[in-house]
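Peer 1: here are the coordinates; sequence isn't available:
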Ligand SMILES: C[S@@+](CC[C@H](N)C(=O)[O-])C[C@H]1O[C@@H](n2cnc3c(N)ncnc32)[C@H](O)[C@@H]1O
């Protein structure tokens, strides 16, 4: 973890109070802490830095979240590496959805956060548009792969062709994506370890239907983003599911109740309503839909329509 994050991070267990960490560094390399412990100056919670990855999700220390998380499996990591980087590989059926999402963002000063960043494509794109980007995800396997790309700037993906037949593809990050301007951490999008009013742009791509408390995710995104001169990009297929969130917590897809109707409409209302839950209110810049793809094997792809909205305040 780059040492400059020590000035940015606050203890996720103490939110909304903003408590700094004291660091114990066991092993470092240049400006990176490779092994160490971050201890909250208030509650005393300890968060590990292992192989350069800071693990700031309190849930991970409470239960074996690793065992239940499908995003931790090597086949899903490979699918997401393909999904994020297939256009650079000139793969058949590749998708350039992440470049399209990045094109919606304006260059800005300060910090960008990519919440639910998976293997990092959007975060890397944003290194060309702002001072620093932090990719946040609660799946350690995704963050480990994103950090390996950040450091080695190349990787080999093993792609399933059919059954046990696989093929490998290599790729390198384009030179314009600056590794000095990005970091990836394990953290929870419902308890972001950042100060209020500290983030200039925040992206939440295909995440809100994957968290147990979608409204809390929006409130967290709203808390950490700057009150003025901030950008917010949210995109989602709104695949609400009771496996992820109880129906009463969905922000759409219901016939009755506060969030009856479609997720996109409800989230837009939440963001733009004067004196609503999310203050200061946001102004919609643009909205639309784009196709995003995930590859399972040579003959099986999921094509997902992700509905985006881009707001500013
Ligand atoms: C459907 S994937 C989308 C990934 C990426 N944003 C993209 O569009 O390719 C959902 C992502 O959210 C992450 N995720 C799920 N719940 C999370 C949480 N509470 N905090 C942080 N990340 C979470 C998953 O690990 C996964 O990377």
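Peer 2: Great, that's in hand. Keep in mind it's a predicted model, so treat the numbers as computed, not measured.

Peer 1: Might you name the residue of the protein sitting closest to the ligand?
Peer 2: Per Cβ to the nearest ligand atom, residue 116 is where the chain lies closest to the ligand, at 3.1 Å. C-beta here means a position set from N, CA and C on the backbone, and glycine is covered the same way.

Peer 1: What does that residue show for phi and psi?
Peer 2: As for residue 116, its main-chain torsions (degrees, to the nearest 10) stand at phi 70, psi 50.

Peer 1: count of neighbours near it?
Peer 2: By other Cβ atoms under 10 Å, 22 other residues sit near residue 116.

Peer 1: now it, nearest residue through space, not along the chain?
Peer 2: Distances taken as Cβ to Cβ, 6 or more residues apart in numbering place residue 207 nearest to residue 116, at 3.4 Å, with adjacent residues excluded.

Peer 1: who's in contact with that neighbour?
Peer 2: 115-116, 189, 217, 236 (Cβ atoms under 8 Å, 6 or more residues apart in numbering).

Peer 1: Residue 15 too?
Peer 2: Contacts for residue 15 (Cβ under 8 Å, 6+ apart) come out as residue 191.

Peer 1: Check the one 10 residues further on too.
Peer 2: With contacts defined as Cβ under 8 Å, 6+ apart, the neighbours of residue 25 are 33, 35-36.

Peer 1: Which of those residues fall in helices?
Peer 2: Among those, DSSP state H puts none in helices.

Peer 1: Would you tell me whether stretch 285-297 gets close to the ligand?
Peer 2: No: figure legend: stretch 285-297 not in contact with the ligand (Cβ under 6 Å from any ligand atom); closest approach 6.6 Å.

Peer 1: Around residue 35, how many other residues sit close by?
Peer 2: Neighbour count for residue 35, taken as other Cβ under 10 Å: 14.

Peer 1: What pLDDT does the model give it?
Peer 2: pLDDT recorded at residue 35 is 98.

Peer 1: Could you measure from it over to residue 25?
Peer 2: Separation of residue 35 from residue 25 (Cβ to Cβ, to the nearest Å): 8 Å.

Peer 1: for the ligand, what are the nearby residues on the stretch 101-250 of the chain?
Peer 2: Neighbours of the ligand within the stretch 101-250 of the chain, by Cβ under 6 Å from any ligand atom: 116-118, 136-139, 142, 188-190, 205-207, 210-211.

Peer 1: related to what we said a few turns ago, show me which of the contacts of residue 25 is closest to residue 101.
Peer 2: residue 33 (30.4 Å; Cβ to Cβ).

Peer 1: quick one, what contacts the closest one?
Peer 2: So residue 33 contacts 1-3, 23, 25, 27, 49, 52, 54 (Cβ under 8 Å, 6+ apart).

Peer 1: just for the stretch 51-200 of the chain, where's the confidence low?
Peer 2: Scanning the stretch 51-200 of the chain for pLDDT under 70 picks out the ranges 63-68.

Peer 1: Mind jotting down where the helices sit in it?
Peer 2: Secondary structure of the stretch 51-200 of the chain by DSSP state H, counting those that start in this stretch: the helices cover 58-62, 65-68, 74-85, 97-103, 121-126, 140-152.

Peer 1: coming back round to it: how far away is the residue nearest to residue 116 from residue 233?
Peer 2: Taking Cβ to Cβ as the criterion, residue 207 is separated from residue 233 by 11 Å.

Peer 1: report the longest strand in the chain, please.
Peer 2: Scanning the chain for the strand with the most residues, using DSSP state E, yields strand 283-297.

Peer 1: Excluding covalently adjacent residues, which one is nearest to residue 285?
Peer 2: residue 310 (4.7 Å).

Peer 1: List of residues touching whichever helix or strand that neighbour is part of?
Peer 2: Applying DSSP states H and E as the criterion places residue 310 in strand 300-312. With contacts defined as Cβ under 8 Å, 6+ apart, strand 300-312 is touched by 93, 97, 101, 104-105, 205-206, 230-238, 263-264, 267-268, 271-272, 282-296.

Peer 1: What strands line up against it, and which way round?
Peer 2: strand 231-236 (antiparallel), strand 283-297 (antiparallel) (DSSP bridges).
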